[in-house]
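1. Sequence and computational prediction follow.
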Amino acid sequence: MIFKKKIGKLTVFIKDNDSFYEKILDEFLSNRMDIKKLLRSEDETKVWLIDTEKGPMVLKLYVPKTKRFERILKSLIKRDFYQSLIYRTNNAVIHGASMINDIYLLAQKKICNYAYVHIILMEYIDGIQIRDLEPISDELKLEITQVIEQIHSYDMVSGAPHKENTMLTKDGIKLIDLSGKKCTCVSRAKDRMELQKYLGIKNTKQDLGYYIYISIKNLKKTFKNIRIKLGLRKP
């Protein structure tokens, strides 16, 4: 169960209200976190592999700096992406999903419903990224397809089933960095099409979601070309 509370200026969501995860947050905020490795360092995103008493975990700091006006407008009508993700992940794990990484804590700085700082504590998945196993065997492609279908059955989508987000572990294929978006026929079709684009796994299911996804994609491409022709966007 996910518990929500206020800690200072942070709105915090904690799995099972476990004080251990709250302690790690405090260590991060007070610069006492035991960092093993910097996994990712970008302008908006920092990701660390950390040591804890319960073993290695992953901590992510996300401070979005682009599309702020768009993000503020979206916050007025829908739940924050990461809030949705921690609840969806928790529900999937409770019902037996073992092919995804669990999320233990989410801490946010917010103005009303607009979150402008995100701190996420996650399960560490020990494995090999699929990008390091190229070319991908037919057996692995089949297993990845099956795992995507499984997360859909748990009412979740990957949102970005890329080579970096697909891990081969001792227990089989696992997915990381999942999406908090709703599991609709269109988002499921998007997962399948991105498997085809990034992993060479051909989509064989052309349902309603597929045709809606293709229509939306073509419409966006048309608008993009119009903006380029009008000089409103660079090619």
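-> Good, I have the coordinates.

2. now the helices for this structure?
-> With helices called from DSSP state H, the chain shows them at 19-29, 68-75, 81-94, 138-153, 185-199, 208-229.

3. JSON lines please, covering the ones you listed and showing mean neighbour count.
-> Heads up, the C-betas are built off the backbone N, CA and C, glycines and all. Formatted as JSON lines, the helices of the chain follow (neighbours: other C-beta atoms under 10 Å):
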{"stretch": "helix 19-29", "mean neighbour count": "17"}
{"stretch": "helix 68-75", "mean neighbour count": "13"}
{"stretch": "helix 81-94", "mean neighbour count": "19"}
{"stretch": "helix 138-153", "mean neighbour count": "16"}
{"stretch": "helix 185-199", "mean neighbour count": "19"}
{"stretch": "helix 208-229", "mean neighbour count": "13"}
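
4. Quick one, which of those gets closest to Lys6.
-> Among those, the nearest to Lys6 by C-beta to C-beta is helix 19-29 (12.0 Å).

5. Please compute how far the helix or strand of the chain with the lowest mean pLDDT lies from its chain's middle.
-> Least confident helix or strand of the chain, by mean pLDDT, DSSP states H and E, is helix 68-75 with a mean of 73. Relative to the mean C-alpha coordinate of its chain, helix 68-75 is positioned 19 Å out (C-alpha atoms, centre = their mean, to the nearest Å).

6. got the angle between it and helix 81-94?
-> If you take axes from the mean of the first three to the mean of the last three C-alpha atoms, to 10 degrees, helix 68-75 sits at 50 degrees to helix 81-94.

7. hang on, the earlier thing: let me have the helices of the chain in a markdown table, extended by distance to Cys112.
-> Below are the helices of the chain laid out as a markdown table (distance: least, C-beta to C-beta, whole Å):
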| stretch | distance to Cys112 |
| --- | --- |
| helix 19-29 | 22 |
| helix 68-75 | 7 |
| helix 81-94 | 14 |
| helix 138-153 | 32 |
| helix 185-199 | 27 |
| helix 208-229 | 30 |
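
8. ok, of these, where does mean pLDDT dip lowest?
-> Of all the helices of the chain, mean pLDDT reaches its minimum on helix 68-75 (a mean of 73).

9. Show me what the least confident helix or strand of the chain packs onto, helices and strands only.
-> strand 114-123 (3 or more C-beta pairs under 8 Å, 6 or more residues apart in numbering; DSSP states H and E).

10. Specify the angle between the strand it packs on and helix 19-29 in degrees.
-> 120 degrees.

11. Give the partner strands of strand 114-123 in its sheet and their orientations.
-> strand 57-62 (antiparallel), strand 103-111 (antiparallel) (DSSP bridges).

12. can you tell me which of these comes nearest to Asp51?
-> It's strand 57-62; of the strands paired with strand 114-123, that one is closest to Asp51 (C-beta to C-beta) at 8.4 Å.

13. Let me see the mean pLDDT of that closest one.
-> Mean predicted confidence for strand 57-62 is 96.

14. do the same with stretch 161-178
-> In this model, stretch 161-178 has a mean pLDDT of 92.

15. end-to-end on that stretch?
-> One end of stretch 161-178 sits 8 Å from the other (C-alpha to C-alpha, to the nearest Å).

16. Identify all contacting residues around it.
-> By C-beta atoms under 8 Å, 6 or more residues apart in numbering, the residues outside stretch 161-178 that reach it are 85, 89, 98-101, 122, 125-131, 133-134, 140, 143-144, 147-148, 151, 156-160, 191, 194-195, 198-199.
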